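**Student:** model this:
(2 chains)
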Amino acid sequence: MDVLKKVPVREQDAKERARNFEEVCYGYNAEEAMAEASRCIGCKNAQCVKGCPVAIDIPGFIDRMKKGEFEEAFQVISQASALPAVCGRVCPQETQCEGKCIRGIKGDPVSIGKLERFAADWARENGIRPVPAAEKNGHKVAVIGSGPSGLTCAGDLAKMGYDVTIFEALHEPGGVLVYGIPEFRLPKEAVVQKEIENVKALGVKIETNVVVGKSVTIDSLLSDEGFDAVFIGSGAGLPKFMGIPGENANGVFSANEYLTRSNLMKSYQEGSNTPIMAGKKVAVVGGGNVAMDAARTALRRGAETHIVYRRSEEELPARVEEVHHAKEEGIIFNLLTNPTEILADENGWVCGMKCVKMELGEPDESGRRRPVVIPDSEFTMEVDVVIMSLGTSPNPLISSTTEGLETNKWKCIVAEEENGQTTKTGVYAGGDAVTGAATVILAMGAGKAAAKGIDDYIQSLG
Amino acid sequence: MYNYIAPYPGTGERTDNNVYNIVKVETLTDSIYLMDVVAPRVAKTCLPGQFVIVRGSEDGERIPLTICDYSREEGTVTIVFQVVGAATEMMKALKVGDSFTDVVGPLGCPSELVNEDIDALKKKKILFVAGGVGAAPVYPQVKWLHENGVGADVIIGGRSRDLIILEEPMKAAAGNLYVTTDDGSYGSKGVVTDEIRKLVDNGNTYDVCIAIGPMIMMKFVCRLTKELGIPTVVSLNPIMVDGTGMCGACRVTVGDEVKFACVDGPEFDGHKVDFDEAIKRQQIYKTAEGRAYLAAKEGATHHGGCGNCGGDK
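**Tutor:** Numbering: from 1, shown residues only, chains lettered A, B, ... in the order given. Now for the predicted structure:
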């Protein structure tokens, strides 16, 4: 075998999968995993670990994988991560661990993500479960939100002996892992639910249907319900719209709505009670991972699907793998294109979208080249569904009902990066609620840091 | 740290806070039901004007319902729903001792009335206009005013007698109660706007009108009250999924702004609401037109649960 090349991972055929919701990537088998693991040279000063927001001992777990010691490999990962089967699937490894891999200088980096996924899947299939902390320390911590940051923070605190309750606004725990990321990328029952069960096996309680800021407030959790500290991991749930004419026409959806209907409410399944409008020709506006997820969902519902993005391919914020998969499946990319108006028929249904062509000018404050309208380039796309995927911002329900909790101009909660401490004593925050929309693994890193911060805080109370 | 241990049950976890037992069921008309449901967290903090989202079963739709009444002591909320589709059809089969799978809330902003100065309210002439099941969200506001010593006039209207609900409790809480039916089978014959005009023609003056009912009724009430110069508040119930501002399905144009009814409302200045747009948006999964549209576009993908059609239309 050529050590410069990674062991290829098996995937569902692109034509086949464009018509179903089963998982795209099959992952490695034991033999493939061991072969890929053997490509790791086990750097002493491992750069990959520095690229990992939760600092998994990557050479450590890969070393166990080489020898076929999969349970031990899983244990090494689990010391740092509560959701390895999730992260192995959705982390942007190319800019994190794998992006720093020494193997990557001359050839392919080691497929760390696929190895992590294998270890986690193997552990799950072989019934390996975490056990709770031997002794409870008698302190109660409330965690708001059961997404990646909340689950990580809760799991870490439970391991330290805290009595942790997660409050979830929706009827099912998991946050974006359940309502946002589609089944074909992250299976719900087989993977997400099992990882949540693992967190619960540590002793974490999850109360669903609690909207903090409405059903209870942070202050009442602290003063009436006996919690010593609160972690806010409520994510960035508010969808953005463009503010162009026609945006309220029937057939214009936020990616949040479209994906929530499909994923949380399971409208992708035959016989679901929740309707979704599939459309014949769908335009998804935006170029991030969520846009890819929405486009690939629409494609699977049988629509001709377009990604409409105002910059060029190079600036697409989505993971390389997602763009690659989307293209393979037949999504059409209309780059350097920006909508200016949505057209509706006399009954209010979307029948087209006016766009202009763009070109890239000088770099803007984000460092990316600013898209500029090309004069007289207006044209109309014939579409019947438009999905707006322009990013999301934090929900003000908590910040607006909690005195002393500061937010910045983007409505993000202000919190210290190293320990998640907010401007309110005993209240910690992390994940998208603090950073604005980012990735699962960054949210997990923040949840982890906050767990440590909360532990330090409660210890300091004596 | 990790051991092999026996598998444990799934994620379903219930505490005293989220077993939503039904403690009372009342059949108000052939198609309208009232239920008292245990939901301590909601009952503890809810105020008139707010709503809950319920699910009657594990695979049920999320149905938004305005809170009709509540008991802080018993930890219960009262909901009223009309059977209009698969999900509500399923809900009507629930009996005392059964439970809802999910009840979440209180959602939305409380009615503006509850934040006003009581003495100022006492000086105001307030008119409520309730259409059909809209009487349910009107009732807690009238009751709240009554408990605070403020009387208000109330018009309840419906297509026919069997769609007039909550007349007795409303009578007990309202200053004057007027009932209208389109077909004249009960109360005065006519629509609610006829009654408003009659009251005003008879010399009544109102400082504020609160109209809650079908979108089309609210549209016409607002058209009339604008002409009469009576500021009017409406409570919107557009299509929504999560009820916390996440999906944006409930967006509505109010004046120059796009608002989310779930978090910015559900109450808005009725004279600024773009009702024509709101009415169109309600059709997405609802009307024959919409359903035919969906059927033509997608084949048999609409299996009901839109809360409106039963999936068979």
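
**Student:** does B:Ala211 sit in a helix, a strand or a coil?
**Tutor:** strand (DSSP: H, G, I helix; E, B strand; the rest coil).

**Student:** is it true that it touches B:Ile230?
**Tutor:** No: contact criterion C-beta atoms under 8 Å: B:Ala211 and B:Ile230 do not qualify, at 10.1 Å. All C-beta atoms are positioned from the backbone trio N, CA, C, and that covers glycine.

**Student:** and the two? Which one has more around it.
**Tutor:** Taking neighbours as other C-beta atoms under 10 Å in any protein chain shown, B:Ala211 and B:Ile230 compare with B:Ala211 leading, 28 against 21.

**Student:** phi and psi next, for A:Gly431.
**Tutor:** Backbone torsions of A:Gly431, given as degrees, to the nearest 10, read phi 80, psi -160.

**Student:** was I right about it contacting A:Gly150?
**Tutor:** Yes: using C-beta under 8 Å, A:Gly431 is in contact with A:Gly150, at 7.5 Å.

**Student:** residues shared between the contacts of these two?
**Tutor:** A:233, A:447 (C-beta atoms under 8 Å, 6 or more residues apart in numbering or on different chains).

**Student:** now the residue at minimal distance from the centre of chain B: how far from B:Asn21?
**Tutor:** By C-alpha atoms, centre = their mean, chain B has its centre lying nearest to B:Thr66, at 3.8 Å. Distance check for B:Thr66 against B:Asn21: by C-beta to C-beta, to the nearest Å, it reads 21 Å.

**Student:** now B:Gln82
**Tutor:** 22 Å.

**Student:** name the residue in these two with the higher neighbour count.
**Tutor:** B:Gln82 (19 against 14).

**Student:** surely that one is in contact with B:Ile32?
**Tutor:** Yes: contact criterion C-beta under 8 Å: B:Gln82 and B:Ile32 qualify, at 4.9 Å.

**Student:** tell me, what's touching those two both at once?
**Tutor:** Joint contacts of B:Gln82 and B:Ile32 (C-beta under 8 Å, 6+ apart) are B:Val133.

**Student:** may I have the phi/psi pair for the residue of the stretch 1-150 of chain B found nearest chain A?
**Tutor:** Closest to chain A within the stretch 1-150 of chain B is B:Val104: 3.9 Å, counting by C-beta to the nearest C-beta. Phi and psi for B:Val104, reported as degrees, to the nearest 10, are phi -130, psi 140.

**Student:** for B:Ser188, same thing?
**Tutor:** According to degrees, to the nearest 10, B:Ser188 has phi -80, psi 150.

**Student:** and the nearest residue to B:Asn18 once chain neighbours are set aside, helix, strand or coil?
**Tutor:** Closest residue to B:Asn18 apart from its sequence neighbours, by C-beta to C-beta, 6 or more residues apart in numbering or on different chains: A:Asn209 at 5.7 Å. Secondary structure assignment for A:Asn209 (three-state DSSP): coil.

**Student:** surely A:Asn209 meets B:Thr101?
**Tutor:** No: counting by C-beta under 8 Å, A:Asn209 stays clear of B:Thr101, with 9.5 Å between them.

**Student:** anything in contact with each of these two?
**Tutor:** Contacts common to A:Asn209 and B:Thr101, judged by C-beta under 8 Å, 6+ apart, are A:His171.

**Student:** neighbour-wise, which of those two wins?
**Tutor:** Remark: of A:Asn209 and B:Thr101, A:Asn209 carries more neighbours, 27 against 17, as counted by other C-beta under 10 Å.
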